[in-house]
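**Student:** Predicted model and sequence follow; I will ask about them next.
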Protein chains: 2
Amino acid sequence: MFSVPARTQYAIRAMVHLARLPDRSATAAEIAAAEGIPVKYLEGIMTRLKLCGLVESERGKNGGYSLRADPGELSMLSIVEAMDGSVKPVSCVEGASVCAQGGGCLPRKFWLGLKDAIDLYLKDKTLRDVTEA
Amino acid sequence: MFSVPARTQYAIRAMVHLARLPDRSATAAEIAAAEGIPVKYLEGIMTRLKLCGLVESERGKNGGYSLRADPGELSMLSIVEAMDGSVKPVSCVEGASVCAQGGGCLPRKFWLGLKDAIDLYLKDKTLRDVTEA
DNA sequence: ATATATTCCTAGTAACCCGATAGGAATATA
DNA sequence: TATATTCCTATCGGGTTACTAGGAATATAT
């Protein structure tokens, strides 16, 4: 239950990898080799991380990816959300109007509480915390 | 992210439904009608809840399902685990030996912490809490 | 200039899980 | 005996996931 897709795990491993490098930058090929991730698959992941502003990229020779923020300022939630969107145990977290039961569903608060618990944990942890674990 | 399968939401709605009834028992057809759940699909869910000891069943006419424990003594974690197994964000929660990185993976503790946070929330909430929300 | 290294873009694919349906067998009651 | 119910097995379409393939765009080095 609540298993995290491989791409998200890959994304986090990639971010940790970058954070541990002196200049916090590397090519997709380097990261892939070091972390045992399929290169082509990782490319797509890095592109996504870039679109979400977590890394920046340079194309062409001597190009690569580099962290855009200090690891201590980067919450794990931001990485998770970049890959998978917001934490949403049930679709009605966004408003009772989405509820097929017309808001007459008792468990909703329970799910909202779960979302809060998860969000809290993820928001509190930074990339630095994970890197230095 | 972390979306809960419909069957688990159905299971919880069914359990809440039972908990609110005077004698805490009903047929699958009744629950399905009240909660807007496909009957045949719910049947399989109820069977599973029974196998995990959360409800008991009687076959034949006047049969149905009934709660086996007091709602106040039944953690939401037990329902979730009945449907989806233990909370396992990553496969290596069961031991570093499962890790493809040979335990050299920094994020592991991070994921274990997430599991703990989720487990804690789910263990603390009882069916009664949700029913009375 | 040209070769090379890199990101970026688009498509495709095999496998899996999920929600749901179908049909009926077993079983208990009225 | 008729009926209501749980229980069992099989199937199916659709979506997602992880991954692969092929190349276009772009920047650097020589």
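**Tutor:** Received the coordinates, thanks. Residues are numbered from 1 along each chain as shown, chains lettered A, B, ... in the order given.
**Student:** residue ranges of the helices in chain A, please?
**Tutor:** Along chain A, counting by DSSP state H, helices occupy A:6-20, A:28-35, A:39-51, A:76-84, A:108-124, A:127-131.
**Student:** What separation is there between the closest residue to A:Asp119 other than its chain neighbours and A:Gly60?
**Tutor:** Closest residue to A:Asp119 apart from its sequence neighbours, by Cβ to Cβ, 6 or more residues apart in numbering or on different chains: A:Val87 at 5.4 Å. No exception for glycine: its C-beta is placed from N, CA and C like everyone else's. As for A:Val87, its distance to A:Gly60 is 37 Å (criterion: Cβ to Cβ, to the nearest Å).
**Student:** out of those two, which sits in the busier spot?
**Tutor:** More neighbours surround A:Val87 than the other of A:Val87 and A:Gly60, with 21 against 5 (other Cβ atoms under 10 Å in any protein chain shown).
**Student:** so what's the more buried one up against?
**Tutor:** A:Leu77, A:Val80, A:Glu81, A:Lys115, A:Ile118, A:Asp119, A:Leu122, B:Met1, B:Phe2 (Cβ atoms under 8 Å, 6 or more residues apart in numbering or on different chains).
**Student:** Look up how far B:Val55 lies from the last one.
**Tutor:** Taken as Cβ to Cβ, the spacing of B:Phe2 relative to B:Val55 amounts to 26 Å.
**Student:** quick one: contacts for the residue lying closest to A:Asp70 once chain neighbours are set aside?
**Tutor:** Distances taken as Cβ to Cβ, 6+ apart place A:Arg128 nearest to A:Asp70, at 7.7 Å, with adjacent residues excluded. Listed by Cβ under 8 Å, 6+ apart, the contact partners of A:Arg128 are A:Ala19, A:Asp70, A:Pro71, A:Gly72, A:Leu74.
**Student:** Could you export those residues as a markdown table, including neighbour count, pLDDT and distance to DNA strand D?
**Tutor:** Formatted as a markdown table, the contacts of A:Arg128 follow (neighbours: other Cβ atoms under 10 Å in any protein chain shown; pLDDT from 0 to 100; distance: Cβ to the nearest atom of the strand, whole Å):
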| residue | neighbour count | pLDDT | distance to DNA strand D |
| --- | --- | --- | --- |
| A:Ala19 | 20 | 98 | 22 |
| A:Asp70 | 12 | 97 | 24 |
| A:Pro71 | 19 | 98 | 24 |
| A:Gly72 | 12 | 98 | 28 |
| A:Leu74 | 21 | 98 | 22 |
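**Student:** Chain B: which of those residues is nearest?
**Tutor:** Checking the contacts of A:Arg128 against chain B by Cβ to the nearest Cβ gives A:Ala19 as the nearest, at 9.5 Å.
**Student:** just checking, the closest one touches A:Glu132?
**Tutor:** No. Taking contacts as Cβ atoms under 8 Å, A:Ala19 lies outside contact range of A:Glu132: 9.2 Å.
**Student:** Pick out the residue of chain A closest to DNA strand D.
**Tutor:** Nearest to DNA strand D, among the residues of chain A, is A:Gly60, at 2.4 Å (Cβ to the nearest atom of the strand).
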